[in-house]
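Enquirer: sequence plus the predicted model coming up.
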Amino acid sequence: MIRFEHVGFRYGVGPEILTDVNFTLEPGSFHFLNGPSGAGKTSLMSLLYLGRKPSRGLVTMFGQQINDMEQRNLAHLRQKIGVVFQEFRLLPHLSAFDNVALPLRIIGTPEKEIRNNVGELLEWVGLGDYTQSLPQTLSGGQQQRIAIARAVIARPKLLLADEPTGNLDDEMGFRLMNLFEQLNNMGTTIVIATHSHAIMDKFGHPRLILDNGHLEVQEPKSWVQRSVESVF
Amino acid sequence: MLNFLTQKDKKLGVAEPTGRYDLPLHNCAGSSFLMLLVALMSFLAMMAVSGSFALNGVTTKWSSGLENRATIEIPARKPNGQIRSVKDIERLSERTTRILRKHPNIEDYDVMTRAEVSALVSPWLGESITMDDMPLPGLIAITIRDNDEARIDTLKKSLKEVSSDIRLDTHESWLNEILRLAGSLKAAAIIITLVIGFTTVIAIAGAVRSRMAEFRADIELLHLMGAGPNYISNQFQRHSVILSLKGSFMGLCAGAIGLFLFNIISGFSTSSDVAPSLSLSPLEALSLLSLPFFICLIAYFSARYTVLRTLSLLP
């Protein structure tokens, strides 16, 4: 379970980017994170993937409070999180295969298992012929698929994705969303930051709406109701 | 459904060190520079350590050869400035040996002939000078049983009874000076070796720090993916140790060639009894051969400390 209680966040001595954020993500839940540009989505994501610590408030991840946690223990928590970064952040000197294999190597998975699973997943995302290609030789969409494969390969407990389908055609986008659904059905908690109303409407999961640093949780019922009200 | 989705949950933990690099450390431009620097440091360390061994050898040789030896000199001139005749010197030598024979602290003595004394003096005067008319002192080399100062004083007193100007030279004063000088040189060699070690630490730490700055984004990514400090530092440690191993072997080979040439040159130009000799005992040779091991240890710990310290600044 992930819980944010009265969390505030600012960069250095700058203004507060996130103000008094409160929400709980139950294990196996699926949420979309939405909001206008500059609302604080990336900052909230960085708090979720333990890239930063909150300026105030309490953050509990997988039942452990992280505010004063030692770096060594944080590394173990991070191993449970898969992240698809908006800018992909692939290692440019590693092949597509090695980039995807990285989370498994970090946790010490045997090489044979890595070969099987990574090969299978790259095949599935349509990159079976590009396993030895360096990221910079691939298109944006292909790089995005590698980033997604890397985020899911170790079957994380929490999957965070920042605009994961932004560079993909609709068919591949929905295919990957189905992969996320499958992972979610197996118990992975998922948060996807997206601007795509098509995706949010199609999959109908609760939304975390960020506006000017304030977070509002909208259950499917409430946003359907609001849409109906707006029509009439 | 994808197979990997149906497998059991992954066991989280820390990967065992492997030979793989997630960071392209082996392709860095500065690697060969660092290797050459380590080679130079190893060469200098080897020279300093061998110098220290050579001094050790020579001081042992000097002190063990002279510590129980002394020389009695019957001066060529009398206290009033007159030159002593050969017969006079022989007579005094005879009286001195009589004392030495009876003295309990004298193990052995050897009255040097005029020819032997001439041979000792000739290197300073040149071969062309004839010694026949040259006033030469009488010399008696003695071996003392006990270096105890009181016993030496008793001997000196006995010798004064023969002639007030007879001198007993135990070599102590000049030997002590030379040993002190050799000790200072050895200390200097140790300090140089320490400075070399310290410089190597700084060079490796600097190289690691610059690599970390170069790959900061990649390191942050590994960190965010749950790679612990050991996982990341292992890669830097391995890279630094391999470079240091290569560099130190290069330095060792260069040092061995240098010492070999030095031995040849010093063998031609000096007497091997007096000059420091670089022939090494098995233990000393082993110490020199273990230099790469120590340099690798320095590299390992410098890299580890630098990486862990830098990583501790990440959130």
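Expert: Arrived safely, thanks for sending.

Enquirer: list, one by one, the residues from the stretch 201-315 of chain B near chain A.
Expert: Within reach of chain A by C-beta under 8 Å from any C-beta of the partner chain, the stretch 201-315 of chain B has these residues: B:217-218, B:221-229, B:231, B:311-312, B:314-315. Placement of C-beta: from N, CA and C, glycine included.

Enquirer: which of those count as buried?
Expert: Neighbour counting with 16 or more other C-beta atoms under 10 Å in any protein chain shown marks B:218, B:221-229, B:231, B:311 as buried within these.

Enquirer: between the residues you listed, which is closest to chain A?
Expert: Lowest distance from chain A to those (C-beta to the nearest C-beta) belongs to B:Gly226, with 3.3 Å.

Enquirer: so that closest one sits right up against A:Asn73, yeah?
Expert: No - B:Gly226 is beyond contact range of A:Asn73, at 11.0 Å (criterion: C-beta atoms under 8 Å).

Enquirer: show me the strands in chain B, by range?
Expert: With DSSP state E as the criterion, chain B has strands at B:69-74, B:106-111, B:138-144, B:167-169.

Enquirer: give me the below-cutoff pLDDT ranges for the stretch 1-150 of chain B.
Expert: Along the stretch 1-150 of chain B, segments meeting pLDDT under 70 span B:1-2, B:7-19, B:65, B:126-133.

Enquirer: can we see that at 80?
Expert: For the stretch 1-150 of chain B, the stretches flagged by pLDDT under 80 are B:1-20, B:26-30, B:58-68, B:121-134, B:146-149.

Enquirer: can you tell me the closest non-neighbouring residue to B:Ile190?
Expert: B:Ser52 (6.6 Å; C-beta to C-beta, 6 or more residues apart in numbering or on different chains).

Enquirer: now do the contacts for that neighbour.
Expert: B:186, B:189-190, B:193 (C-beta atoms under 8 Å, 6 or more residues apart in numbering or on different chains).

Enquirer: so which of those residues sits lowest on pLDDT?
Expert: Within these, B:Lys186 has the lowest pLDDT, namely 87.

Enquirer: isn't that residue up against B:Gly57?
Expert: No - look at B:Lys186 against B:Gly57 with C-beta under 8 Å: they stay out of range, at 11.0 Å.

Enquirer: can the buried ones among the residues of the stretch 201-315 of chain B next to chain A go into TSV with extra columns for pLDDT?
Expert: Formatted as TSV, those follow (pLDDT from 0 to 100):
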residue	pLDDT
B:Asp218	92
B:Leu221	94
B:Leu222	94
B:His223	93
B:Leu224	93
B:Met225	93
B:Gly226	91
B:Ala227	91
B:Gly228	88
B:Pro229	90
B:Tyr231	90
B:Leu311	90
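
Enquirer: nearest to A:Ser43, of the residues you listed?
Expert: Nearest to A:Ser43 among these: B:Leu224, at 14.7 Å, using C-beta to C-beta.

Enquirer: tell me how far that closest one lies from B:Leu92.
Expert: Per C-beta to C-beta, to the nearest Å, B:Leu224 is found 95 Å from B:Leu92.

Enquirer: and if you look at B:Gln235?
Expert: 81 Å.

Enquirer: more neighbours: those two, which one.
Expert: Ranked by neighbour count (other C-beta atoms under 10 Å in any protein chain shown), B:Gln235 and B:Leu92 place B:Gln235 first, with 24 against 21.

Enquirer: and which of the contacts of B:Ser52 is nearest to chain A?
Expert: The closest of the contacts of B:Ser52 to chain A turns out to be B:Thr193 (C-beta to the nearest C-beta; 36.5 Å).

Enquirer: excluding chain neighbours, what is closest to the closest one?
Expert: Using C-beta to C-beta, 6+ apart, the nearest residue to B:Thr193 is B:Ala48, at 4.7 Å.

Enquirer: show me what contacts the one you found?
Expert: So B:Ala48 contacts B:189-190, B:192-193, B:196 (C-beta under 8 Å, 6+ apart).

Enquirer: in helices, which of the residues you listed appear?
Expert: Taking DSSP state H, the ones among the contacts of B:Ala48 that sit in helices are B:189-190, B:192-193, B:196.

Enquirer: any chance of a ChimeraX selection covering the buried ones in those?
Expert: Filtering those down to the buried ones (16+ other C-beta under 10 Å) takes a single ChimeraX command:
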select /B:189,192,193,196
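
Enquirer: would you mind finding the longest helix in chain A?
Expert: In chain A, with assignment by DSSP H, the single longest helix is helix A:170-185.

Enquirer: how far off centre is it?
Expert: Its chain's C-alpha centre and that of helix A:170-185 lie 13 Å apart, by C-alpha atoms, centre = their mean, to the nearest Å.

Enquirer: okay, and A:Arg105 sits in which element?
Expert: helix A:96-106 (DSSP states H and E).

Enquirer: so A:Asn167 touches A:Gly140, yeah?
Expert: Yes - applying C-beta under 8 Å, one finds A:Asn167 in contact with A:Gly140, separated by 4.2 Å.

Enquirer: of these two, which one has the most company?
Expert: A:Asn167 (18 against 11).

Enquirer: could I get the phi/psi values of the more buried one?
Expert: Main-chain torsions, A:Asn167, degrees, to the nearest 10: phi -100, psi 10.

Enquirer: now the residue nearest to B:Ile190: how far from B:Asn176?
Expert: 20 Å.

Enquirer: tell me the contacts of residue 4?
Expert: As the question left the chain open, I've gone with chain A. A:21-24, A:47, A:54, A:57-59.

Enquirer: wrong one, chain B
Expert: Shown in contact with B:Phe4 (C-beta under 8 Å, 6+ apart): A:116-117, A:120-121, A:153, A:155.

Enquirer: before we move on, what about B:Ala45?
Expert: B:193, B:196-197, B:251, B:291, B:295.

Enquirer: for the residue nearest to it when sequence neighbours are not counted, which residues are in contact?
Expert: Closest residue to B:Ala45 apart from its sequence neighbours, by C-beta to C-beta, 6+ apart: B:Ile196 at 4.7 Å. With contacts defined as C-beta under 8 Å, 6+ apart, the neighbours of B:Ile196 are B:41, B:44-45, B:48.

Enquirer: cool, B:Glu161 as well?
Expert: By C-beta under 8 Å, 6+ apart, the contact set of B:Glu161 is B:Ile99.
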